[in-house]
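Chemist: generate a structure from the sequence data that follows.
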Amino acid sequence: MVLDKIDKALLALLQADCKKTTKEYATSLNLSTTAIYERIKRLEREGVITKYVALVDKKKIDRDFTVLCQVKLLQHTKENILRFERQILQLEEISECHHISGDYDYILTLNVSDMEAYREFMVNKLTAIDQIGSTQSSFIINSVKKSTAVFI
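Modeler: Numbers count the residues shown, from 1 in each chain. Just a heads-up that it's a prediction; the model follows:
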């Protein structure tokens, strides 16, 4: 799908705040409410917009200890990969899991309350996954830039 200048501007506005009214977006872009509504519906239909979500302040729910955990599998068989991925999907502490290139096979992002909770997670949940050969964890000290928006 080819996005024009207005589509890109509309997507930027939606990524900044998707709770505004269609009229507010129309005013910002100097278009009619109907034109904006139709553009949003087309972007949804074409799969450009996939979901609307609420972003939660991790500090307010005591999940602001963020860990990046690199995982190396024991063997790279289809069965091991699929089994590992199925088990990761069951772990609520993990917010992201990416199959990556390089020295490690996966990188996980997880959010827990503190180091003790992370140790509990590692000992009782992650090490229970028998496809894992090794892990290496890093802890977020401070986020310099953090965004869910995609530059268009």
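
Chemist: what segments of the chain are helices?
Modeler: Here the chain has its helices, by DSSP state H, at 5-16, 22-29, 33-45, 78-89, 115-124.

Chemist: need those in JSON lines (columns: mean pLDDT, mean neighbour count and distance to Q70).
Modeler: For glycine as for every other residue, the C-beta is placed from the backbone atoms N, C-alpha and C. Putting the helices of the chain into JSON lines (pLDDT from 0 to 100; neighbours: other C-beta atoms under 10 Å; distance: least, C-beta to C-beta, whole Å) gives the following:
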{"stretch": "helix 5-16", "mean pLDDT": "98", "mean neighbour count": "15", "distance to Q70": "29"}
{"stretch": "helix 22-29", "mean pLDDT": "98", "mean neighbour count": "16", "distance to Q70": "40"}
{"stretch": "helix 33-45", "mean pLDDT": "98", "mean neighbour count": "15", "distance to Q70": "35"}
{"stretch": "helix 78-89", "mean pLDDT": "97", "mean neighbour count": "14", "distance to Q70": "13"}
{"stretch": "helix 115-124", "mean pLDDT": "98", "mean neighbour count": "14", "distance to Q70": "13"}
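
Chemist: what residue lies at the spatial centre of this structure?
Modeler: E96 (5.7 Å; C-alpha atoms, centre = their mean).

Chemist: closest to K58 out of the helices of the chain?
Modeler: Within the helices of the chain, the stretch nearest K58 is helix 115-124; the backing value is 12.7 Å (C-beta to C-beta).

Chemist: report all helices and strands that the closest one contacts.
Modeler: Secondary-structure packing of helix 115-124 (3 or more C-beta pairs under 8 Å, 6 or more residues apart in numbering; DSSP states H and E): strand 65-73, strand 106-112, strand 132-139.
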